[in-house]
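Novice: I would like to see how this sequence folds:
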Amino acid sequence: MARRERVVRMSVEQPLWRALTAYRILTMLYAILLAVFGRDRYDRPWVAIAFLVAMAAWTLGTLPKVAGAAACTKRFLGADLTLALVGILVTPLADFEAQHVDGPTLPSIWTAGSVLAFAIKGGWRWAAVASSFVAVANIIERGEPSRDTFHNVLLVWVASIAIGYVVEVARASERTLARALEIEAATRERERLARDIHDSVLQVLAMVQRRGTALGGEAAELGRMAGEQEVALRTLVSSGLLPATRVSEDAAEGAVVRSVEVDDEPPGQADYDLRSLLAPYAGSRTSFAEPGAPVLLAPAAARELAAAVGAALDNVRVHAGENAQAWILVEDWPDEVVVTVRDDGPGIPEGRLAQAEGEGRMGVALSIRGRLRDLGGTAELISVPGQGTEVELKVPKVSRGKAGSAG
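Specialist: Residues are numbered from 1 along each chain as shown. Here you go, the predicted model:
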């Protein structure tokens, strides 16, 4: 089954940029309203009007600049902060009493938007530099600053640095999460390749080795060579050295990357009837019990579940003997499908599965449990020496491979 990886990029920074955009617009309106209602205090109202018009035009004209980190350039940040500083410093020109009365400056709290842009873009160090310039401008504007002035300056300085630090922590968390998702997707791809190899190449090599040894002569040498290749390939599979495609090129950029596994099948394809995929396994030594109604599953889930059943029957033939009897039971529940594969073989000695995995024989771990795990299901193996083995496979009606990966 061919699959491809689709990457969805999201960033926790984006809500901060949207909030900053709204903040700049609201504080612009607030500064204008303060000037309108306090117009009587201005000795030179034309200075206030000129600055507020320039501030409003700049704010509305540069909205795209604060839409994201890429658009918010250093040149824009410098110009934005310069406008805020000019507004603070020209306040005494419009209001002669501004240095003696603790009133608002012309840009008022709009200035904080410039500092916040520095914090979101560059972190706490950029925020510290920008807020320091604002602090100096406020002290100069007041001439003889009061305790309230120092209080406001310190508040802006601490708040901006704190926000910048939070942004840096968020970016570090994004990079860590992106890397973890990349590793998880690469691991799943390796396991899928290992399952495919186990179900095809390794089984064929094992059969060639057995038949060659039985035939003897030149066939025995061919069997010996096949056995050596089987051991080498099993070692490669169990060591996790199989190649895996890179999932995300954005991981180093601090994006939250969600790896979405998409099956190469037409959109809206009808569900498969699991019974039609399992029926070919029935034979003289394999009994098949099925419900009377179709057992519908998503195509990918149905194929993987059928492959897991095939892997379980392969284990019966190899380990329980050619004369062993097997039974397949399919149960269709409202929220899941349960398939049980049982045999009357000698059973599995305690600790044999762990030993097999250590030897690179990954049939149960990869071909059965790995497939079910990728579907959001489970595989439970119950074996009692002398009483056969039972493998219970459970798959939810909506498998993780089709629905859950996107979340």
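Novice: Helices along the stretch 151-300 of the chain, start to end?
Specialist: 203-215, 218-238, 274-278, 299-315 (DSSP state H, counting those that start in this stretch).
Novice: Quick one: list the elements packing against the shortest one.
Specialist: Under the contact definition 3 or more Cβ pairs under 8 Å, 6 or more residues apart in numbering; DSSP states H and E, helix 274-278 sits against helix 299-315, strand 326-332, strand 336-343. Where C-beta positions appear, they are placed from N, C-alpha and C, glycine not excepted.
Novice: on that earlier part again, where among the helices of the stretch 151-300 of the chain is average confidence lowest?
Specialist: Of all those, helix 218-238 carries the lowest average pLDDT, namely a mean of 65.
Novice: Rank the helices and strands of the protein by mean pLDDT and give me the bottom one.
Specialist: Within the chain, no helix or strand scores below strand 256-263, which has a mean of 38 by mean pLDDT, DSSP states H and E.
Novice: hang on, the earlier thing: adding distance to F150 and mean neighbour count as columns, could you present the helices and strands packed on helix 274-278 in CSV?
Specialist: Output for the helices and strands packed on helix 274-278, formatted as CSV (distance: least, Cβ to Cβ, whole Å; neighbours: other Cβ atoms under 10 Å):
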stretch, distance to F150, mean neighbour count
helix 299-315, 65, 22
strand 326-332, 74, 18
strand 336-343, 66, 21
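Novice: just the strands in this protein please.
Specialist: Along the chain, counting by DSSP state E, strands occupy 3-10, 256-263, 272-273, 286-289, 296-297, 326-332, 336-343, 378-383, 389-396.
Novice: Let me see the mean pLDDT of the first one.
Specialist: For strand 3-10, mean pLDDT rounds to 42.
Novice: Likewise for the last one?
Specialist: Strand 389-396 shows a mean pLDDT of 91.
Novice: Tell me which other helices or strands it touches.
Specialist: Strand 389-396 packs on helix 299-315, strand 336-343, helix 371-374, strand 378-383, going by 3+ Cβ pairs under 8 Å, 6+ apart.
Novice: just the fifth one next, same as before
Specialist: Other elements packing on strand 296-297 under the criterion 3+ Cβ pairs under 8 Å, 6+ apart are strand 272-273.
Novice: try 6 Å
Specialist: Taking 3 or more Cβ pairs under 6 Å, 6 or more residues apart in numbering; DSSP states H and E as contact, there are no helices or strands that strand 296-297 lies on.
Novice: can you give me phi and psi for the residue in the chain sticking out farthest from the centre?
Specialist: Most distant from the centre of the chain: D43, at 58.6 Å, with distances by Cα atoms, centre = their mean. In terms of degrees, to the nearest 10, the main-chain angles of D43 are phi -80, psi -30.
Novice: How much space separates it from D95?
Specialist: To D95, D43 is 6 Å away according to Cβ to Cβ, to the nearest Å.
Novice: Same question for W17.
Specialist: In terms of Cβ to Cβ, W17 sits 34 Å off from D95.
Novice: now swap in D273 and tell me
Specialist: 81 Å.
Novice: Can you pick out the residue with more neighbours from these two?
Specialist: D95 (24 against 16; other Cβ atoms under 10 Å).
Novice: Check the more buried one and give its pLDDT.
Specialist: Reported pLDDT for D95: 79.
Novice: which residues touch it?
Specialist: Residues near D95 by Cβ atoms under 6 Å, 6 or more residues apart in numbering: R41, Y42.
Novice: how far away is it from H319?
Specialist: For D95, the distance to H319 - Cβ to Cβ - is 92 Å.
Novice: just S132 next, same as before
Specialist: S132 is 74 Å from H319, where distance means Cβ to Cβ.
Novice: Compare the two (neighbour count), which wins?
Specialist: Just comparing S132 and H319: by other Cβ under 10 Å the higher neighbour count belongs to H319, 17 against 14.
Novice: For that one, which non-adjacent residue is closest in space?
Specialist: Nearest-residue entry for H319: G345, 6.6 Å, with adjacent residues in sequence omitted and distances by Cβ to Cβ, 6 or more residues apart in numbering.
Novice: Can you pull the phi/psi pair for that neighbour?
Specialist: Main-chain torsions, G345, degrees, to the nearest 10: phi -80, psi -170.
Novice: That one against G388, yeah?
Specialist: Yes: using Cβ atoms under 6 Å, G345 is in contact with G388, at 5.4 Å.
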